[in-house]
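this is a predicted model, with the sequence first.
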Amino acid sequence: MTTDQYVITAEDLRRSYAGGFEAVRGVSFSVARGEIFALLGTNGAGKTSTVEILEGLSVPSAGSVRVLGHDPYRERSAVRPRVGVMLQEGGFPSDLTVTETARMWGDCTSGARPVAEALGLVGLTARAKVRVSQLSGGERRRLDLALALIGRPEVLFLDEPTTGLDAEGRRDTWDLVRALRDTGTTVLLTTHYLEEAETLADRLAIMHQGVIVTTGSPAEVTAARPARIRFALPPEVPAARLPLSLKAGAAGQQVEIRTHELQESLEELLRWARENGVRLEGLDARAASLEEAFLEIAQTETAGV
Ligand SMILES: Nc1ncnc2c1ncn2[C@@H]1O[C@H](COP(=O)(O)OP(=O)(O)OP(=O)(O)O)[C@@H](O)[C@H]1O
């Protein structure tokens, strides 16, 4: 893929705050047209600081960004009409109704969707006449999304779009984001919900302490991590009797095996157990999940960058 097929590119991006704290320390990634890209990370990892630069709300201390081929800060007027932004804190006048708020937004946007269509997309039709101050947290989040969508954006930035939504609302939002992707919209989202990234993202990056620690499709990110087999040995069987090739770690009778060949390791373990008449209590074998990959990263200290 050539660089101009990417709708969003960040190259060696850095962002420092007053006092010299560097929140983003050399971040590079690209998002292709019609792709959903998720930025994950621990609290304070630098996701919002990164996304704010891409949205044109702040300038990087070093490095460069391109959105739709333009610098989103310096060439704001070229980028802004083609981009939809859903910030973490929406913040709009609470005494207006849902329809009045969406209309106000639509009036500032050329080629805007009709208000009823935007509200319909996010499931707010029945709440159209309600004042914003009377919406629930989840309904406000839906309104934020409706406003981000009203200008039919080519690129959508979603900062924690489903925070505060119930399970059904979250699934509705995922369906909507997928439908938008299928019509060619490029989506960059940040989220704390690993399931959201796993089910929604075509590719993702996990940030920690200002750097991207790993990136790829959800399957690629998890495939790099070992699977895990856990069980307890009977009191009379010490873990030292397990085959050495299994490289088991033990705390008393509790055993954990980490392996990149789950099927082979499990076969070897079960053969050993059968031949030695050993019962493996609470046997549990599972492939690595995105959650495990994330937790492993979150627990490590970043090598000094
Ligand atoms: N205006 C600011 N001035 C100084 N430090 C800031 C400022 N904004 C953010 N930071 C710091 O930069 C770091 C990264 O913050 P950022 O909001 O980008 O992280 P995040 O990954 O979005 O976190 P979260 O998941 O908690 O939203 C944090 O340590 C934060 O305290």
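Nice, thanks for sending it over.

from here on, contacts and neighbour counts on C-alpha atoms
Fine.

tell me the contacts of the residue nearest the centre of the chain?
Of all residues in the chain, the one closest to the mean position by CA atoms, centre = their mean is A38, 3.6 Å from it. Each residue near A38 by CA atoms under 8 Å, 6 or more residues apart in numbering is listed here: 188-191, 197, 201, 203-205.

what packs against the helix or strand of the chain with the lowest mean pLDDT?
Sorting the helices and strands of the chain by mean pLDDT, DSSP states H and E puts helix 290-299 at the bottom, at a mean of 84. With contacts defined as 3 or more CA pairs under 8 Å, 6 or more residues apart in numbering; DSSP states H and E, the packing partners of helix 290-299 are helix 194-200, strand 203-208, helix 218-223.

and those, which is most packed in?
Sort the helices and strands packed on helix 290-299 by mean neighbour count, taking mean count of other CA atoms under 10 Å, and strand 203-208 sits at the top with a mean of 24.

what is the burial count for the nearest residue to W105 once chain neighbours are set aside?
If the residues on either side of it in the chain are set aside, W105 comes closest to L147, at 6.6 Å by CA to CA, 6 or more residues apart in numbering. Neighbour count of L147, defined by other CA atoms under 10 Å: 27.

now do the one 5 residues further on
Using other CA under 10 Å, R152 has 21 neighbouring residues.

so L96 touches L135, yeah?
No. Counting by CA atoms under 8 Å, L96 stays clear of L135, with 11.2 Å between them.

what's opposite Y6 in the beta bridge?
Using DSSP bridges, the beta-bridge partners of Y6 come out as A32.

check contacts around it.
Counting by CA under 8 Å, 6+ apart, Y6 makes contact with 30-33, 68.

ditto for P218
Contacts of P218 were listed using CA under 8 Å, 6+ apart, and they are 197-198, 201-204, 290.

now swap in L188 and tell me
By CA under 8 Å, 6+ apart, the residues touching L188 are 31, 36-39, 155-158.

sorry, back to before: tell me the confidence at the residue nearest to W105?
The per-residue pLDDT reported for L147 equals 92.

tell me which element it falls in.
Assigned by DSSP states H and E, L147 belongs to helix 137-149.

show me what from this structure comes close to the ligand.
Residues of the chain found near the ligand, taking CA under 6 Å from any ligand atom as the criterion, are 17, 23, 41-49.

among those residues, which are located in strands?
23, 41 (DSSP state E).

ok, the residues of the chain next to the ligand vs S64, which is closest?
Of all those, S49 has the smallest distance to S64: 13.9 Å, by CA to CA.

shaky segments in this structure?
Filtered on pLDDT under 70, the chain yields the residue ranges 1-4, 90-93, 301-305.

can you map out the strands along the stretch 51-200 of the chain?
62-67, 83-86, 155-159, 186-190 (DSSP state E, counting those that start in this stretch).

A128 is nearest to which of those strands?
Closest to A128 of the strands of the stretch 51-200 of the chain is strand 83-86 (CA to CA; 19.3 Å).

just among the contacts of L188, which is most surrounded?
The residue in these with the most neighbours, by other CA under 10 Å, is V155 (30 neighbours).

can you name the residues that contact that one?
Counting by CA under 8 Å, 6+ apart, V155 has contacts 7, 82-84, 185-188.

what does E139 give?
If you count contacts by CA under 8 Å, 6+ apart, then E139 has 124, 165 around it.

before we move on, back to that, got the helices and strands packed on helix 290-299 as a markdown table, with distance to A232 columns?
Below are those laid out as a markdown table (distance: least, CA to CA, whole Å):
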| stretch | distance to A232 |
| --- | --- |
| helix 194-200 | 29 |
| strand 203-208 | 33 |
| helix 218-223 | 26 |
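
quick one, which of these gets closest to Y73.
strand 203-208 (23.1 Å).

which secondary structure elements does the helix or strand just after the closest one sit against?
Once strand 203-208 ends, the next helix or strand along the chain (criterion: DSSP H and E) is strand 211-216. Counting by 3+ CA pairs under 8 Å, 6+ apart, the packing neighbours recorded for strand 211-216 are strand 22-32, strand 203-208.

and these as CSV, adding distance to R225?
CSV is the format used below for those (distance: least, CA to CA, whole Å):
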stretch, distance to R225
strand 22-32, 21
strand 203-208, 14
